[in-house]
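A.B. asks: fold the stuff below for me.
(2 chains)
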Amino acid sequence: MKKFKSKKVLMIAAIILVFTATAGITMAFFSDYEHAVGKATFTLGGQTEIHESVKDTEKTIVIHNKGEGDVLVRLSIFGPKPDGDKPGVTVKPGEHWSFNKNDGFWYYQAVLPAGEDTTPIIASIEGIPVSADLSEFDVIVVHESQPVVYDKAGNAVLQWKGAN
Amino acid sequence: MKSGKKNLSTRTLVLIAVAVLLFASGGFLGTRAALTIQSEKLDSEFELDHIYVQLWENDQHVGNRGDGTGEMIAYMNKKVDPGRVYEERIYARNNTGTESVSPVDQYVRLIIRKYWLGEDGEKDNTLDPALIKLTYNNKEYNKGPWVRNDRESTTEAETYYYTSVLNGGATTAPVVNELQLDPKIIASDQLTKETGKWVGNKQTYTYTYKYKGKYICIEAEVQALQTHNINRAIKSVWGVQNVSVSNGSLTVGQ
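C.D. replies: Residues are numbered from 1 along each chain as shown, chains lettered A, B, ... in the order given. Down below sits the predicted model:
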């Protein structure tokens, strides 16, 4: 009886083998594929530095882009405002410089390419008495730069975002 | 007792013989079945020899086989302008029906991946793939000829199915046609500010952008399947359960 049972198991195993041996064949399908990949980068965070030269009561300011990417530039000039007979700072902007009275910044209305300078912007103190000590007058300049972004057509957007 | 032994021995012999016969004939039948099944396929598809699909981008074969370049967004010359919208038509072509290959219909799907690479060229999962926008006329994708399988899609990888049979020599409509790097990469929440020390009469603030020096990466793969026994092929080869074909039209379920 034991022998009979073992033969039965053998038989079942044989049947399973027969079926499993043919199972894989039905899995063959025609298929195909193709693949491609690509990458690109961009420049962000161009570095700018301020170049100032002072002659008498005039400070000439130029911003230099020493980074690798194009940037937008703005600056603010702090000093006493002209008030009657009191001395004050007046600004003579070069080409592309435009003042925004809402935030007090002078905006350079052009892209500043890598390696290039802005046109000069001159801050001068008017109404200083001849006998005055010039070291008593401070004109403080703060400038910022921002990477250039583009509109859908690929034109540089001359509008500040992000950094304030 | 003697005859009992004899009977048992005979039964055993019969059982063994049956098992051997079954095994042998089963193998035989299996072989015949394989030949029969393959013969059926050969009857209907022998002429096709193979099915061929190609990956195309902006009128250029970019798939990594034969005359394909294997490279996408090569037109950018490795540099992308944030905010600018680039033409980026990605589509498939059934490359049968040529002089050397008989036309064979097929079903296709496109898998598109977009992600960031660090300066070292390694994938950076901390950066947001959603800032790399692949769209169709400013919409998600070209709905109608294509349908996205949300079950197989994430912010980084999306799988699209072409809902019709792609005939030999035919080309699909593009699934996307625009690529834009979102200018939000310079938003204030994407930068850190560092205040420098006074040097002489100057002090410097340094803004560092999170995405500075990173690479966008676009990857696409087109896959094709025979139309014969397509529902089984979809489940077996593509491994998806919610995609099926009925009356020639492919649908993606929830």
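
A.B. asks: which is the next helix or strand following the lowest-mean-pLDDT helix or strand in chain A?
C.D. replies: One helix or strand of chain A scores below all others by mean pLDDT, DSSP states H and E: helix A:2-23, with a mean of 65. Counting by DSSP states H and E, the next helix or strand C-terminal to helix A:2-23 is strand A:31-41.

A.B. asks: tell me the mean pLDDT over that next one?
C.D. replies: For strand A:31-41, the mean per-residue pLDDT is 94.

A.B. asks: for whatever helix or strand comes next after that strand, packing partners?
C.D. replies: Downstream of strand A:31-41, the first helix or strand assigned by DSSP H and E is strand A:48-55. Contacts defined by 3 or more CB pairs under 8 Å, 6 or more residues apart in numbering or on different chains; DSSP states H and E place strand A:48-55 against strand A:58-65, strand A:71-78, strand A:140-147. Where you see a C-beta, it was placed from the backbone N, CA and C, and this is true even at glycine.

A.B. asks: which stretch among those strands comes nearest chain B?
C.D. replies: Minimum separation from chain B across the helices and strands packed on strand A:48-55 (CB to the nearest CB) falls at strand A:140-147, 5.4 Å.

A.B. asks: ok, and for that closest one, which residues are buried?
C.D. replies: Neighbour counts over strand A:140-147 (16 or more other CB atoms under 10 Å in any protein chain shown) mark A:V141, A:H143, A:E144, A:S145, A:Q146, A:P147 as buried.

A.B. asks: mean confidence score for it?
C.D. replies: Rounded mean pLDDT across strand A:140-147 is 90.

A.B. asks: partners of that strand in the sheet?
C.D. replies: strand A:71-78 (antiparallel) (DSSP bridges).

A.B. asks: and the helices and strands packed on strand A:48-55 as JSON lines, adding distance to B:K197?
C.D. replies: Converted to JSON lines, the helices and strands packed on strand A:48-55 look like this (distance: least, CB to CB, whole Å):
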{"stretch": "strand A:58-65", "distance to B:K197": "21"}
{"stretch": "strand A:71-78", "distance to B:K197": "20"}
{"stretch": "strand A:140-147", "distance to B:K197": "16"}
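
A.B. asks: residue ranges with poor pLDDT in the chain?
C.D. replies: This is for chain A. Within chain A, the segments meeting pLDDT under 70 span A:1-5, A:14, A:16-27, A:45, A:134, A:161-164.

A.B. asks: wait, chain B was what I had in mind.
C.D. replies: Scanning chain B with the threshold set as pLDDT under 70 gives B:1-8, B:19-20, B:22-49.

A.B. asks: could I get the full set of helices for it?
C.D. replies: B:2-45, B:230-233 (DSSP state H).

A.B. asks: near chain A, anything from the shortest one?
C.D. replies: Yes - Helix B:230-233 comes into contact with chain A (CB under 8 Å from any CB of the partner chain), by way of B:R232, B:A233.

A.B. asks: same for that helix, what does it pack against?
C.D. replies: strand B:243-246.

A.B. asks: chain neighbours aside, what residue packs nearest to the residue of the stretch 51-200 of chain B found nearest chain A?
C.D. replies: Per CB to the nearest CB, B:G63 is where the stretch 51-200 of chain B lies closest to chain A, at 2.9 Å. Distance criterion CB to CB, 6 or more residues apart in numbering or on different chains; nearest residue to B:G63, sequence neighbours excluded, is A:E34 at 2.9 Å.

A.B. asks: likewise A:K81?
C.D. replies: In space, and not counting its chain neighbours, A:K81 is closest to A:G88: 4.7 Å by CB to CB, 6+ apart.

A.B. asks: can you report how many residues lie near the one you found?
C.D. replies: Neighbour count for A:G88, taken as other CB atoms under 10 Å in any protein chain shown: 16.

A.B. asks: quick one: it from B:G169, how far?
C.D. replies: Using CB to CB, to the nearest Å, one obtains 78 Å as the distance from A:G88 to B:G169.

A.B. asks: around chain A, pick out the residues from the stretch 101-250 of chain B.
C.D. replies: Residues of the stretch 101-250 of chain B lying near chain A (CB under 8 Å from any CB): B:104, B:106, B:117, B:180-181, B:183, B:185-188, B:190-191, B:193, B:202, B:205, B:207-209, B:211-226, B:228-229, B:232-233, B:236-237.

A.B. asks: quick check: bridge partners of the spatially most central residue of chain A?
C.D. replies: Centroid-nearest residue in chain A, with CA atoms, centre = their mean: A:P147, separated by 3.2 Å. Taking DSSP bridges as the rule, A:P147 bridges to A:V71.

A.B. asks: my guess is it meets B:Y209, correct?
C.D. replies: Yes - A:P147 sits in contact with B:Y209 when judged by CB atoms under 8 Å, with a separation of 7.1 Å.

A.B. asks: which residues sit in contact with B:W238?
C.D. replies: With contacts defined as CB atoms under 8 Å, 6 or more residues apart in numbering or on different chains, B:W238 is in contact with B:R109, B:Q223, B:L225.

A.B. asks: cool, thanks, talk later.
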